[in-house]
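J.: Sequence below, structure please.
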Amino acid sequence: MNTQVKKDLEDALVLINKAAKEEKDELKQIIHEKYTDIKAMFSEKLAHGTDTVKHTISTVDKRMKENPWPYVASVAAGAFILGFLLHRSDHK
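T.: Numbers count the residues shown, from 1 in each chain. I've put the predicted structure just below:
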């Protein structure tokens with residue numbers, strides 16, 4: 001009886017290991033499929049984002065060349081405000 005129980009347990013362990021390997025392989029396949037989908041989606045979004053950035057830079061460059069003074073004034077105002085805030089923090 002003791003050897004029969006031992007054999008049954010060994011058979012059960014073999015079946016469990018086989019099932020675990022099959023589940024592992026199936027899980028790997030599912031993860032690979034999802035990863036491929038996510039990779040494709042990010043590649044598409046990255047390409048679209050790159051196109052959008054290029055278009056925006058082109059538009060800003062064109063507008064700056066047509067009328068640069070608003071941009072110069074904005075940069076000067078930003079620099080003045082940043083300098084004012086940095087100068088105030090030194091005197092506290």
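
J.: Now do the phi/psi pair for Pro68.
T.: Summarising the backbone geometry of Pro68 under the convention degrees, to the nearest 10, its torsions are phi -80, psi -20.

J.: What ranges does the protein have for its helices?
T.: Under the criterion DSSP state H, the chain carries helices at the ranges 2-66, 69-90.

J.: can those helices go into CSV with extra columns for mean pLDDT and mean neighbour count?
T.: No exception for glycine: its C-beta is placed from N, CA and C like everyone else's. Formatted as CSV, the entries for the helices of the chain read as follows, by pLDDT from 0 to 100; neighbours: other Cβ atoms under 10 Å:
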stretch, mean pLDDT, mean neighbour count
helix 2-66, 83, 10
helix 69-90, 89, 10
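
J.: middle-most residue in this structure, spatially?
T.: Ranked by distance to the mean C-alpha position of the chain (Cα atoms, centre = their mean), the top residue is Phe42 at 7.6 Å.

J.: Off-centre distance for stretch 74-92?
T.: A distance of 35 Å separates the C-alpha centroid of stretch 74-92 from that of its chain, computed with Cα atoms, centre = their mean, to the nearest Å.

J.: Likewise for stretch 5-25?
T.: Using Cα atoms, centre = their mean, the offset of stretch 5-25 from its chain centre is 39 Å.

J.: go on, stretch 28-45?
T.: 12 Å.

J.: if we look at that stretch, which residues are touching it?
T.: Residues lying outside stretch 28-45 but in contact with it, judged by Cβ atoms under 8 Å, 6 or more residues apart in numbering, are absent altogether.

J.: Would you mind writing the CA trace of that stretch as PDB?
T.: Taking Å, rounded to 0.1, in the frame of the first residue of the first chain, the C-alpha atoms of stretch 28-45 are listed here in PDB:
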ATOM      1  CA  LYS A  28       4.200  33.300 -22.300                       C
ATOM      2  CA  GLN A  29       2.300  33.300 -25.600                       C
ATOM      3  CA  ILE A  30      -0.400  35.600 -24.200                       C
ATOM      4  CA  ILE A  31       2.100  38.000 -22.900                       C
ATOM      5  CA  HIS A  32       4.000  38.000 -26.200                       C
ATOM      6  CA  GLU A  33       0.800  38.800 -28.100                       C
ATOM      7  CA  LYS A  34      -0.100  41.600 -25.700                       C
ATOM      8  CA  TYR A  35       3.500  43.000 -25.800                       C
ATOM      9  CA  THR A  36       3.400  43.000 -29.600                       C
ATOM     10  CA  ASP A  37       0.100  44.900 -29.600                       C
ATOM     11  CA  ILE A  38       1.400  47.400 -27.100                       C
ATOM     12  CA  LYS A  39       4.700  47.900 -28.900                       C
ATOM     13  CA  ALA A  40       2.800  48.500 -32.200                       C
ATOM     14  CA  MET A  41       0.500  51.000 -30.500                       C
ATOM     15  CA  PHE A  42       3.300  52.900 -28.900                       C
ATOM     16  CA  SER A  43       5.200  53.000 -32.200                       C
ATOM     17  CA  GLU A  44       2.200  54.400 -33.900                       C
ATOM     18  CA  LYS A  45       1.600  57.000 -31.200                       C
END
